[in-house]
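Peer 1: with the sequence up front, the predicted model follows.
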Amino acid sequence: MNCKNTLKKSPKLVVIGAGIAGVGAAGKLLTHGFTDIQIVEASSQPGGRIRSSLFGKSTVDEGAQYIHGASGKNPIFQLAKEHGLLQDTHDRVDPELSVLTNMQKQMDPDVTKEVKNLASSILKHAHLIAQQKQYTQANSLADVYLEEVKTLIAQWDGDHTDLRRQKLGLLSMLMKWQCDHLAAGSLSEVSVHVYEEYKHIEGHDRNSQGLFPNLLQKLLEIIPREKLLLNKPVQQILWNGSFESEDNSLYPIKVLCEDGGHILADHVILSISLGCLKANGQSLFQPRLPEQKLNAIQSMGFGTMNKIYLEFEAPFWDENTEVIGLVWEEETPLSCQEPNLTEWWKRVPVFYVVGPTGRYGHLLVGTISGKEAEFIESLSLQEVASSLTCLFRQFTGRSSLPELKNVFVTKWFSNPYTRGSYSHISINSTGDMIDLLTEPLPQATEGNGSPMLQLLFAGEATHRSHHSTTHGALLSGWREAERLIDLYSTK
């Protein structure tokens, strides 16, 4: 049977989730002549994990902030360039890192750079190191990182005790920083093959505070307002059925919404977060998703990385400082593996200086991941401010350092429509599982008379080589749109 001969001329499409993947998919479909499209978004504004809030003198990004690979090969960079949004951005090229220790010392920049380069090389090449050194039991990044640290400890035996302590503390700090990049609670949760799967795009990471909300608005301009429904959480998706509309047309999908309404569709593009799929995947679909797909959803890594914005009356850092690192001299990578909620601030490895000062005032933003990132969402802003004021007084040795003027903490874990920040390849998953999650349903098996491509899956977690990124999310939305464009092509 030729499926294309049985297709409707004007299919009814529903996109669930108005993040950049869903908006990108809908925009591409509209430009290719599809007209019956409805985007349903659970929250009160589009954007998903692209969101900004007023803080200090301006707005700050709660989620996406960096263009990873600022070059013409990155669709985010290319779109930002076309829309004239790159004026206030700058490349993050080996930022000036000023490292303080809890013993009120400032680490030698040359030592900092040397250890940072060592740690970066170990992590980026962990899969190769495991092969070369025959670490046959190495499943996680931590397995390789900690073995290499043991080697470094032996090499540093000749160092002065204080220097050796600082180097080990710095390796611990860098390990936490890497967890922030991966939205992971521990490197022991992350597959040793994570950087083998992830493909870097040429170009530096570009700091683009405020760019992503503006870019999202540009992408929304081609979508008629009536095609975007906000505050419309989905309760369940009934698929592979036969549902009759008021005009007696039949549709294979019925999307049930929490407000009691429903939408019939020929195709649904799901661009919700992997965190939501993990939490609701068993009950969201009727019939249930195939066990292999459910297993992929549960096995893949998805964690929380929160930002902590701090406003000061006056800076305590030098004007050339871009990143402030915090090293606990008593820590080593071997000693700080377990979550520590009572001293959650020890999990914040760095604070970035938010600039320019004229636009933002005197702001720092810290990053935190793991159980501690989840825990701080339950604290009051006063508790966070008090703890971090004490932290900075300890590291600077300035007991008179003023109280913070203002604090803002993102809450991606407790947000019911994200349940975390972004994905990584866990020790229980593989790149093949990302491909499995991406496969549309129902499967195109021989003799299967079901309508094609009923459920299509998008979002950053579905892009094998660019997971965890906004460009991966956008590309995934375009990918699913192109499946439908190809399906309805007259060629």
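Peer 2: Good, I have the coordinates. Values in this document were obtained by computation on a predicted structure and should not be read as measured data.
Peer 1: three-state assignment of I223?
Peer 2: coil (DSSP: H, G, I helix; E, B strand; the rest coil).
Peer 1: same thing with E372?
Peer 2: Going by three-state DSSP: E372 is helix.
Peer 1: residues in contact with it?
Peer 2: P339, N340, L341, W344, R347 (C-beta atoms under 8 Å, 6 or more residues apart in numbering). Every residue, glycine included, has its C-beta placed from N, CA and C.
Peer 1: tell me how many other residues crowd G84.
Peer 2: 9 (other C-beta atoms under 10 Å).
Peer 1: returning to that earlier point: most neighbours out of the contacts of E372, which is it?
Peer 2: Neighbour max across the contacts of E372 (other C-beta under 10 Å) = R347, 24 neighbours.
Peer 1: roughly how far apart are K105 and F392?
Peer 2: Distance of K105 to F392, given as C-beta to C-beta, to the nearest Å: 15 Å.
Peer 1: quick one, strands of the stretch 101-250 of the chain?
Peer 2: Assigned by DSSP state E, counting those that start in this stretch, the stretch 101-250 of the chain shows strands spanning 205-207, 228-229, 234-238, 243-244, 250-251.
Peer 1: so for the fourth one, mean pLDDT?
Peer 2: Right, the one you point to is strand 243-244. Regarding strand 243-244, the rounded mean pLDDT is 97.
Peer 1: now do the same contact list for S429.
Peer 2: S429 touches S191, A296, S299, M300, G301, counting by C-beta under 8 Å, 6+ apart.
Peer 1: one step back: could you say which of the strands of the stretch 101-250 of the chain is packed most deeply?
Peer 2: strand 205-207 (a mean of 20; mean count of other C-beta atoms under 10 Å).
Peer 1: now do the phi/psi pair for the closest residue to E189 other than its chain neighbours.
Peer 2: If the residues on either side of it in the chain are set aside, E189 comes closest to S426, at 5.7 Å by C-beta to C-beta, 6 or more residues apart in numbering. With angles defined as degrees, to the nearest 10, S426 sits at phi -80, psi 170.
Peer 1: verify the contact between S426 and M300 for me.
Peer 2: Yes: contact criterion C-beta atoms under 8 Å: S426 and M300 qualify, at 6.2 Å.
Peer 1: for the strands of the stretch 101-250 of the chain, give me a markdown table that also has distance to E383.
Peer 2: Output for the strands of the stretch 101-250 of the chain, formatted as a markdown table (distance: least, C-beta to C-beta, whole Å):
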| stretch | distance to E383 |
| --- | --- |
| strand 205-207 | 29 |
| strand 228-229 | 38 |
| strand 234-238 | 35 |
| strand 243-244 | 50 |
| strand 250-251 | 51 |
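Peer 1: domains for the protein, by residue range?
Peer 2: 3-50+210-301+424-487, 94-203+305-409 (automatic domain parsing).
Peer 1: so which of the ones you listed comes closest to A70?
Peer 2: Closest to A70 of the domains of the chain, according to C-beta to C-beta: domain 94-203+305-409, at 4.2 Å.
Peer 1: what distance separates that closest one from the middle of the whole chain?
Peer 2: 18 Å (C-alpha atoms, centre = their mean, to the nearest Å).
Peer 1: what's the span of that domain from first residue to last?
Peer 2: Using C-alpha to C-alpha, to the nearest Å, one end of domain 94-203+305-409 lies 26 Å from the other.
Peer 1: ditto for stretch 205-216
Peer 2: Terminal-residue distance, stretch 205-216 (C-alpha to C-alpha): 19 Å.
Peer 1: before we move on, the earlier item: in strands only, show me the contacts of S429.
Peer 2: G301 (DSSP state E).
Peer 1: re the thing from before, out of the strands of the stretch 101-250 of the chain, flag the one nearest K167.
Peer 2: So among the strands of the stretch 101-250 of the chain, strand 205-207 is nearest, using C-beta to C-beta, at 25.6 Å.
Peer 1: packing partners of the closest one?
Peer 2: When contacts are defined as 3 or more C-beta pairs under 8 Å, 6 or more residues apart in numbering; DSSP states H and E, strand 205-207 sits against strand 66-68, strand 90-92.
Peer 1: one step back: got a markdown table for the contacts of E372, with secondary structure too?
Peer 2: Shown next, in a markdown table, are the contacts of E372 (three-state DSSP):
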| residue | secondary structure |
| --- | --- |
| P339 | coil |
| N340 | coil |
| L341 | helix |
| W344 | helix |
| R347 | helix |
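Peer 1: tell me the centre residue of this structure?
Peer 2: In the chain, the C-alpha nearest the mean C-alpha coordinate belongs to Y422, at 3.1 Å (C-alpha atoms, centre = their mean).
Peer 1: ok, how many other residues are close to the closest residue in space to it that isn't next to it in sequence?
Peer 2: Distances taken as C-beta to C-beta, 6+ apart place S468 nearest to Y422, at 4.3 Å, with adjacent residues excluded. The local packing of S468 (other C-beta under 10 Å) involves 24 other residues.
Peer 1: test my guess that S468 contacts A184.
Peer 2: No: using C-beta under 8 Å, S468 is not in contact with A184, being 10.4 Å away.
Peer 1: spit out the residues that contact these two alike.
Peer 2: Joint contacts of S468 and A184 (C-beta under 8 Å, 6+ apart) are H424.
Peer 1: out of the domains of the chain, which gets nearest to N415?
Peer 2: Using C-beta to C-beta, the nearest of the domains of the chain to N415 is domain 3-50+210-301+424-487, at 8.3 Å.
Peer 1: distance from the chain centre to that closest one, please.
Peer 2: 18 Å.
Peer 1: ok, back up a step: give me the neighbour count for the residue nearest to E189.
Peer 2: S426 has 22 neighbouring residues, counting by other C-beta under 10 Å.
Peer 1: what does T430 give?
Peer 2: T430, neighbours per other C-beta under 10 Å, totals 18.
Peer 1: so who does it touch?
Peer 2: T430 neighbours (C-beta under 8 Å, 6+ apart): S191, H193.
Peer 1: tell me what the spatially closest residue to L182 that is not a sequence neighbour is bridged to.
Peer 2: Using C-beta to C-beta, 6+ apart and skipping the chain neighbours, the partner closest in space to L182 is H424 (4.6 Å). Bridge pairing for H424 (DSSP bridges) gives the partners G301.
Peer 1: which helix or strand in this protein has the lowest average pLDDT?
Peer 2: Within the chain, no helix or strand scores below strand 90-92, which has a mean of 68 by mean pLDDT, DSSP states H and E.
Peer 1: which residues does A21 contact?
Peer 2: Neighbouring residues of A21 by C-beta under 8 Å, 6+ apart: G48, S271, A458, G459, E460, A473, L474, S476, G477.
Peer 1: run a quick neighbour tally on the first one.
Peer 2: With neighbours defined by other C-beta under 10 Å, the count for G48 comes to 28.
Peer 1: could you measure from it over to L100?
Peer 2: Counting by C-beta to C-beta, the gap from G48 to L100 is 36 Å.
Peer 1: list the contacts of the residue nearest to E189.
Peer 2: Taking C-beta under 8 Å, 6+ apart as the test, what S426 contacts is E189, V190, S191, S299, M300, G301.
Peer 1: the same query, at a cut-off of 10 Å, please.
Peer 2: S426 is in contact with 139-140, 182, 184, 189-191, 194, 298-303, 433, counting by C-beta atoms under 10 Å, 6 or more residues apart in numbering.
Peer 1: thinking again about what came up before, adding distance to G63, write the domains of the chain out as TSV.
Peer 2: Formatted as TSV, these follow (distance: least, C-beta to C-beta, whole Å):
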stretch	distance to G63
domain 3-50+210-301+424-487	4
domain 94-203+305-409	8
